[in-house]
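Colleague: 3D, please:
(one chain, ligands or ions: 1)
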Amino acid sequence: MTEPEGPPPLLAGIEAGGTKYVCAVGTNPAEPLLETRFPTGNPVETIAQAVTFFKEAAESYGPIRAMGIGTFGPADIDPRSPGYGTILTTPKQGWSGFNVVNAIRDGINEPIPIAFETDVNAALFGEAEFGAARHHRNIAYITIGTGIGGAFLHDGQIIHGRMHPEIGHLIVPDLDKDFGKDTNVCPFHASCLEGRAAGPAIEARWGTPGSELPDDHPAWELQAKYLAIGCINLTATWSPDIIILGGGVSQKSGLLDRVRAEFEALSGNYWALPPLDLYLQTPALDQLAGIVGSLSLAQRLL
Ligand code: ZN
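Modeller: Model (predicted):
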């Protein structure tokens, strides 16, 4: 035993969303001890609020030993890049080119290790360590909200290629015509998953936000078909152990069961998959996945 006895190290996490920042500290990522949330304003003020929270938390709970940040994008998350920690070109005022990691490190003035990942990747880590994907080696995470994004974890490592995956832009067939519609909101593609099935597509197609559409509205049959196609294509491409459907749209009551049914119909029983109620799931951590994942990122640094 070389490790000295003592209290477990204090971890810090930031779920750095485009509309709100959530900051937390804890020794167990699944059970934050202290948390605060505030709107994402200009970068200098936003980081100053976060730094104030962490300094006060350190006075109460002891020194912070590591930090994990799950950020809105696009962002430079490559630790080998000279721009690591920077928000890339974004319409969010003042954030383009702003280095979040450097600003936090300067603010708290402690040489702690800081992990910087996308918010989707952070949520995936949370689900992998403490949520629906515990004990799985190959985990696909899709988030369906104002856009559609995704991330893949293989043996604890996020899979990046030349750049990160963009499963929102998987090309999908036009199923709108079966419903007398033709709504695709992606300006780049005639028919892609995000263009057909992200929140703005639902609202544009039916004239009402998805959150206000009743559970038996035909919108959900169409939505389930598009999401099932996305899940089929992920299964064919990578063969994960589990696919987690996160984001606001996925929380619609009854939608997950519809996706499973459509998936079964499309799959032709070709793959020897686990039962679909295990293979296709929503996040077990629900809205906490982002901050728990950010604290998990910090824990992985120690
Ligand atoms: Zn697209």
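Colleague: State the number of residues packed around residue 288.
Modeller: 21 (other CB atoms under 10 Å). For the C-beta atoms, the positions are set from N, CA and C on the backbone; glycine is no exception.
Colleague: Next, the closest residue to it other than its chain neighbours: phi, psi?
Modeller: Nearest non-adjacent residue to residue 288, counting by CB to CB, 6 or more residues apart in numbering: residue 126, 7.3 Å away. Here the main-chain torsion angles of residue 126 (degrees, to the nearest 10) amount to phi -60, psi -50.
Colleague: do you know how far residue 126 is from the ion?
Modeller: Counting by CB to the ion, to the nearest Å, the separation of residue 126 from the ion is 27 Å.
Colleague: Cross-check the contact I'm expecting between that residue and residue 286.
Modeller: No: in this structure residue 126 lies outside contact range of residue 286 using CB atoms under 8 Å: 10.4 Å.
Colleague: Neighbour count for these two, which is higher?
Modeller: Neighbours were counted for residue 126 and for residue 286 using other CB under 10 Å; residue 126 has more, 33 against 10.
Colleague: how near is the more buried one to residue 158?
Modeller: 13 Å (CB to CB, to the nearest Å).
Colleague: Equivalent analysis for residue 75, please.
Modeller: Residue 75 is 13 Å from residue 158, by CB to CB.
Colleague: who has more neighbours, these two?
Modeller: Neighbour tally, residue 75 and residue 158, criterion other CB under 10 Å: the higher count belongs to residue 75, 26 against 17.
Colleague: check contacts around that one.
Modeller: Listed by CB atoms under 8 Å, 6 or more residues apart in numbering, the contact partners of residue 75 are 85, 86, 87, 88, 100, 116, 118.
Colleague: got it, and residue 223?
Modeller: 197, 202, 210, 249, 252, 255, 258.
Colleague: Equivalent analysis for residue 222, please.
Modeller: Residue 222 neighbours (CB under 8 Å, 6+ apart): 175, 176, 178, 179, 181.
Colleague: On the three-state scheme, it is what?
Modeller: helix (DSSP: H, G, I helix; E, B strand; the rest coil).
Colleague: Any idea what the spatially closest residue to residue 61 that is not a sequence neighbour is bridged to?
Modeller: Of all residues not flanking residue 61 in the chain, residue 10 sits nearest, at 5.3 Å (CB to CB, 6+ apart). Beta bridges link residue 10 to residue 64 when assigned by DSSP bridges.
Colleague: Can you give me the pLDDT of residue 10?
Modeller: Residue 10 is assigned a pLDDT of 97 by the prediction.
Colleague: Isn't it up against residue 26?
Modeller: Yes: counting by CB under 8 Å, residue 26 is a contact partner of residue 10 at 7.5 Å.
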